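S.K.: Below are the sequence and a predicted model; questions follow.
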Amino acid sequence: MLDRLSVPRRPFDFEDYIDILRRNVRWIIAPAFAGLVLATVVAFLLPDTFMSQALVRIVPQQINPNMVQNVTSQDLADRISGMAQTIESRDNLTSIINRYGLYKKELKGEPMEDVVSQMKKAIEIRPTAGVTGGSMPALQITFKYSSRDMAQKVCNDLVTTLMNEGAQGTFEAQNAANQYFQAEAKNAQHDLAQIEKKLTDFRIKNAGRLPDEVQMNMSQVNNLQSRLSGLSEAENRNSQERMMLETQMNIAKQRLNAIKDGAPQRNQRLMELDRTIQSLQTNIAEMEQRYTKDFPDLQTAKQQLALYQRQRDQVAKQAATKSDIEATEDNSTLARERLDAQAAIDQLQVQLNANKSDAKQIRKDEAATSVALKNYESRLESAPVGQQEYTELTRDYSLAKERYDKAQQHLQQSAISMDLQQRKQGETLELLDSASLPTAPTAPKREMILPLGLFGGLILGFVLVAMRELKDTSLKNLKDARLYTQLSILGSIPLLENDLVVQRRKQLLWVGWATAALAGLAIMGASMAHYYIHKA
């Protein structure tokens, strides 16, 4: 017998499935009907939820951002998140609930915190990709509530709060940034003034000995040395010019004396010798400045000078013997020559005075230049004073100046950005679609709940039928009898029952099914009537 029980069941064919359905049709219809009744009750007892929605466009800045930059760092997502948090704050939602009298039933049995949480779930603020397929960013605000009129009012209130919060938040952010940049600029200016004062005091205290003045000092030394050399050359030229002027003065005086003594004035030989002697004296004076006394050319020049002086003396003696012959010249001619000689002497005297004045000025300039040259040379000889301290001061000054310039630039940008926002040329919010008045509820989805309930009941019925068939191991038909008994079937005896009993059983079955159907229909009708009565 145990071996028979462990025999696996035979595979079902189409007739077996039909037989299973015929035997268990009530187990399939009953759960399906129950599921339909339950879905109807749920669908019509749940309150309607209406959704009102509005669309707000985010208008970008009207001026090119490359020309006027926004000083705030919040991007669009952060701004939307901040505005949403402000709108969904407990204080704001509590004010809306009290203002419009929302969630009266919930407030009777729940604390305000739970009702506020429930209202938060009914609010949705989300950015959209664009308006009509474009790239224009926008915000969609939705609110769900059991009353469509109240849903529209609350959605309008949320949109107004959002737009006010957007404008106020942008202004506050701009103002906070401007105050920050003002403080930064003030601190940077104060630090720059302090460092600049330290650097100025250091430069005044160590004037001429600063590290960055070394090149200037060297340039001044070179300039002063060149000037001193030029003054020395000027002094030599002045000395030579003075010697020449003195020689010419002596010649002019001798000529005047000769005219006064009646000496002949027209001896060409004597005049040529005077000019030659004068030229030799000038050359000798120049060579004495450049060369030593043993220089050959200098010795030769001196010998020639002595020779010409002897010749001049002889010519002068010969000219004196002829004075009686030339005494017959006109007195007017002698007077004119005397005047010319006196004028030449006066002119030479003026030149000598100017030469002396130039010599005095040259010596004065040489003394001043020498003093200045020694001063700059002493600066170069002394090591740079406080080089490390000066380097640190200059570096701190450069950093403070850079910080001050940046702070001033940021402050200017902040002022321009605030002015742009006040003129409503910055990024703003614009209402595209006001809060809509919903015409149909968005929840519950009754057209989906009823089929789902019916389908769920059918699935449950099939599961129950499968479980009953798995537990039922009785022989159902002749195929089972042949397979499991391994015997030949000669015939079958039909089940004989009392007709009265069979009829009563059928009546009870139909009564039960009718009662269940009527009860289900009554429950469904009551649910629908309850819904439409409250809706009206």
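M.R.: Great, that's in hand.
S.K.: Run the chain-centre distance for the helix or strand hosting residue 252.
M.R.: Using DSSP states H and E, residue 252 falls within helix 214-260. Centroid separation for helix 214-260 versus its chain: 69 Å, with CA atoms, centre = their mean, to the nearest Å.
S.K.: So for the next helix or strand along the chain from it, what gets flagged as buried?
M.R.: Using DSSP H and E, the next helix or strand after helix 214-260 towards the C-terminus is helix 268-290. Judged by neighbour count using 16 or more other CB atoms under 10 Å, the buried positions of helix 268-290 are 270, 273, 274, 276, 277, 280, 281, 282, 284, 286, 287. For every residue, glycine as well, the C-beta is placed using N, CA and C.
S.K.: now stretch 356-365
M.R.: So for stretch 356-365, counting by 16+ other CB under 10 Å, buried means 358, 359, 362, 365.
S.K.: any idea which of the residues you listed is closest to residue 236?
M.R.: Among the buried residues of stretch 356-365, residue 362 lies closest to residue 236 (CB to CB), at 9.9 Å.
S.K.: if I pick that closest one, what's in contact with it?
M.R.: Residues in contact with residue 362 (CB atoms under 8 Å, 6 or more residues apart in numbering) are 231, 234, 235, 238.
S.K.: That one belongs to a strand?
M.R.: No: per DSSP: H, G, I helix; E, B strand; the rest coil, residue 362 lies outside any strand segment and is helix.
S.K.: Which of the contacts of residue 362 are buried? Put it as a ChimeraX command.
M.R.: To isolate the buried members of those in ChimeraX, using 16+ other CB under 10 Å:
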select :231,234,235,238
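S.K.: Of the contacts of residue 362, just say which sits nearest to residue 392.
M.R.: residue 231 (42.6 Å).
S.K.: what separates the spatially closest residue to that closest one that is not a sequence neighbour from residue 530, distance-wise?
M.R.: Distances taken as CB to CB, 6 or more residues apart in numbering put residue 366 closest to residue 231, at 4.8 Å, once the chain neighbours are dropped. To residue 530, residue 366 is 126 Å away according to CB to CB, to the nearest Å.
S.K.: between the two, who's got more neighbours?
M.R.: Neighbour count, other CB atoms under 10 Å: between residue 366 and residue 530, residue 366 has more, with 16 against 13.
S.K.: which helices and strands sit right next to the helix holding residue 252?
M.R.: For helix 214-260, the elements it packs on are helix 268-290, helix 331-381, judged by 3 or more CB pairs under 8 Å, 6 or more residues apart in numbering; DSSP states H and E.
S.K.: relative to helix 268-290, how tilted is the next helix-or-strand element following the first one?
M.R.: Scanning forward in sequence from helix 268-290 by DSSP H and E, the next helix or strand is helix 296-321. For the pair helix 296-321 and helix 268-290, the angle between their directions (axes from the mean of the first three to the mean of the last three CA atoms, to 10 degrees) equals 150 degrees.
S.K.: hang on, the earlier thing: from the buried residues of stretch 356-365, pick the one nearest residue 253.
M.R.: Residue 253 has its nearest neighbour among the buried residues of stretch 356-365 in residue 359, at 21.9 Å by CB to CB.
S.K.: For that closest one, which non-adjacent residue is spatially closest?
M.R.: For residue 359, ignoring the flanking residues on the chain, the nearest one in space by CB to CB, 6+ apart is residue 238 at 4.9 Å.
S.K.: same thing with residue 305?
M.R.: Spatial nearest neighbour of residue 305, chain neighbours left out: residue 280 (4.5 Å); criterion: CB to CB, 6+ apart.
S.K.: Hmm, the one you found is touching residue 306, no?
M.R.: No: using CB atoms under 8 Å, residue 280 is not in contact with residue 306; the gap is 9.6 Å.
S.K.: Of all the helices and strands packed on helix 214-260, which one is nearest residue 45?
M.R.: Among the helices and strands packed on helix 214-260, helix 331-381 comes nearest to residue 45, with 103.9 Å by CB to CB.
S.K.: just checking, residue 147 touches residue 49?
M.R.: No: here residue 147 does not reach residue 49: they are 9.8 Å apart, not a contact under CB under 8 Å.
S.K.: just to revisit the earlier point, now do the same contact list for the residue nearest to residue 231.
M.R.: Counting by CB under 8 Å, 6+ apart, residue 366 makes contact with 228, 231, 232, 235.
S.K.: Report the buried residues of stretch 516-531.
M.R.: Residues of stretch 516-531 classed as buried by neighbour count (16+ other CB under 10 Å): 520, 524, 527, 528, 531.
S.K.: quick one: low-confidence parts of the stretch 301-450 of the chain?
M.R.: By pLDDT under 70, the weakly predicted segments of the stretch 301-450 of the chain are 319-335, 379-388, 390, 416-427.
S.K.: The helix holding residue 252 to helix 268-290, inter-axis angle?
M.R.: 160 degrees.
S.K.: follow-up on the earlier one: what about the helices and strands packed on helix 214-260, which gets the closest to residue 245?
M.R.: helix 331-381 (5.0 Å).
S.K.: now for the helix or strand just after that closest one, which elements pack on it?
M.R.: Per DSSP H and E, the first helix or strand lying C-terminal to helix 331-381 is helix 387-422. Using 3+ CB pairs under 8 Å, 6+ apart as the contact test, the elements touching helix 387-422 are helix 148-205.
S.K.: now stretch 503-514: mean pLDDT?
M.R.: Stretch 503-514 shows a mean pLDDT of 84.
S.K.: what's that stretch in contact with?
M.R.: Residues from elsewhere that reach stretch 503-514 (CB under 8 Å, 6+ apart): residue 26.
S.K.: Run a quick neighbour tally on residue 90.
M.R.: The local packing of residue 90 (other CB under 10 Å) involves 12 other residues.
S.K.: hmm, back to that, so how far is residue 226 from the residue nearest to residue 359?
M.R.: Going from residue 238 to residue 226 by CB to CB gives 19 Å.
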